[in-house]
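**Student:** when you get a sec, could you give me coordinates for this:
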Amino acid sequence: MTLRIIPQRFAPYAQGLLRIAAALLFMQHGAAKLFSVPHVEMFDGLKLFSLMGAAGVLELVGGLLMLIGLLTRPVAFILSGQMAVAYFLAHAGANIWPILNKGELAALYCFVFLFFAVAGPGAFALDRE
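**Tutor:** Sure thing, here's the model as predicted:
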């Protein structure tokens with residue numbers, strides 16, 4: 001017998017809320033890179049046709065698709081891969097520990113998106129299964 005504080009029937013709703021929250025937070029990275037909103041100084045002068053520009057497009061467009069729950073599984077798989085690449089290119093070389101190499105967020109996004117690639121969008125999605 002499993003002790004459940006919150007009944008299992010609420011799992012799809014929690015999953016959908018996690019997808020929406022992660023998407024909104026992820027979209028901020030793309031908007032900051034592409035439109036300087038919110039302004040992040042390190043993205044000043046960013047070129048659209050660069051690795052960071054491509055990342056911004058994936059973050060904004062992929063984040064929007066995740067937000068509305070459209071093509072969730074393939075988009076989440078692509079975004080998970082993007083975050084894995086970001087972690088290894090930008091963080092892992094500095095130190096093995098994510099807390100020391102400032103790669104915690106990239107690693108967490110990688111696994112959150114991997115979860116959605118496997119589990120699907122949950123509730124509140126256009127492509128709910």
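**Student:** which stretches of this protein form helices?
**Tutor:** Counting by DSSP state H, one finds helices in the chain at the ranges 11-35, 51-57, 63-68, 72-90, 98-101, 104-119.
**Student:** closest to residue 44 out of those?
**Tutor:** helix 11-35 (10.4 Å; CB to CB). Where C-beta positions appear, they are placed from N, C-alpha and C, glycine not excepted.
**Student:** give the buried residues for the closest one.
**Tutor:** For helix 11-35, a neighbour-count test (16 or more other CB atoms under 10 Å) marks 12, 15-16, 19-20, 22-23, 26-27, 29-34 as buried.
**Student:** same check, this time on stretch 94-114
**Tutor:** In stretch 94-114, counting by 16+ other CB under 10 Å, buried: 98, 101, 103, 105, 106, 107, 109, 110, 112, 113, 114.
**Student:** would you format these as JSON lines with distance to residue 126 and pLDDT included?
**Tutor:** Converted to JSON lines, the buried residues of stretch 94-114 look like this (distance: CB to CB, whole Å; pLDDT from 0 to 100):
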{"residue": "98", "distance to residue 126": "33", "pLDDT": "95"}
{"residue": "101", "distance to residue 126": "36", "pLDDT": "96"}
{"residue": "103", "distance to residue 126": "32", "pLDDT": "97"}
{"residue": "105", "distance to residue 126": "27", "pLDDT": "97"}
{"residue": "106", "distance to residue 126": "27", "pLDDT": "97"}
{"residue": "107", "distance to residue 126": "28", "pLDDT": "97"}
{"residue": "109", "distance to residue 126": "22", "pLDDT": "98"}
{"residue": "110", "distance to residue 126": "24", "pLDDT": "98"}
{"residue": "112", "distance to residue 126": "19", "pLDDT": "98"}
{"residue": "113", "distance to residue 126": "18", "pLDDT": "98"}
{"residue": "114", "distance to residue 126": "21", "pLDDT": "98"}
